[in-house]
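**Student:** Sequence and computational prediction follow.
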Amino acid sequence: GDQVASRSQMTLDFYVRLQQFVEPHAEEIIKELERHEKRQNMKQNKQPNQSSNFRFLYFNHFNLALKSILKAPGKKLSSDTCRTLRNIHADFENSAFAISEVCAKCSDGWVIARKSQFGGRELYLLVDHAEAPQLKDLQQHMDALQEEYF
């Protein structure tokens, strides 16, 4: 009798603790699943021959995944832009602070980079000066890139 009641109470306590742990994160998980579903639906509705307007580099340190569309048709990536990309990566790796976003101007335009501190992912976006004349315009481009690909 007492052993069964004690075991039932332990099981109940476990589920209560589990609910207390999961519940605060449930809203965030639901929003992420909705964003994922929206991206999947957008990808299905996209024209198959439509090319991307984004010039970007993505690297995942955990699974070594690399995706790159940096070279625009008929354009070569300048040495200044390559140096800027290397410098931002070095800043991400060597900084004493947890840097999650960096923006720099270079000869090919703007480079905006984001690093996930927990996911080991780095995303670099190259935007022409004409597409983003001001720094504040870059956020829209990065958000659009993440919506389309990530």
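**Tutor:** That came in fine, so what should we check first?
**Student:** where do the helices sit along this structure?
**Tutor:** For the chain, the helices defined by DSSP state H cover 2-45, 79-94, 138-149.
**Student:** Let me have these in TSV, extended by mean neighbour count.
**Tutor:** From N, CA and C alone the C-beta is placed, and that goes for glycine too. Shown next, in TSV, are these (neighbours: other Cβ atoms under 10 Å):
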stretch	mean neighbour count
helix 2-45	10
helix 79-94	15
helix 138-149	16
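**Student:** Lowest average confidence across these, which one?
**Tutor:** Per-stretch mean pLDDT for the helices of the chain is lowest at helix 2-45 (a mean of 80).
**Student:** Just send the helices of the chain back as CSV, with distance to Gly109 too.
**Tutor:** Shown next, in CSV, are these (distance: least, Cβ to Cβ, whole Å):
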stretch, distance to Gly109
helix 2-45, 25
helix 79-94, 8
helix 138-149, 10
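**Student:** Minimum distance to Val111: which of those has it?
**Tutor:** helix 79-94 (5.2 Å; Cβ to Cβ).
**Student:** which helices and strands sit right next to that closest one?
**Tutor:** Packing partners of helix 79-94 (3 or more Cβ pairs under 8 Å, 6 or more residues apart in numbering; DSSP states H and E): strand 101-106, strand 109-115, strand 121-127.
**Student:** now that helix and strand 109-115, what's the angle there?
**Tutor:** Relative orientation of helix 79-94 and strand 109-115, computed by axes from the mean of the first three to the mean of the last three Cα atoms, to 10 degrees: 20 degrees.
**Student:** Off-centre distance for helix 79-94?
**Tutor:** Offset of helix 79-94 from its chain centre (Cα atoms, centre = their mean, to the nearest Å): 18 Å.
**Student:** show me what contacts Ile99?
**Tutor:** Shown in contact with Ile99 (Cβ atoms under 8 Å, 6 or more residues apart in numbering): Asp91, Phe92, Lys115.
**Student:** swap the cut-off to 6 Å and go again
**Tutor:** Phe92 (Cβ atoms under 6 Å, 6 or more residues apart in numbering).
**Student:** quick one: it from Lys76, how far?
**Tutor:** Noted for Ile99: a distance of 29 Å to Lys76, by Cβ to Cβ, to the nearest Å.
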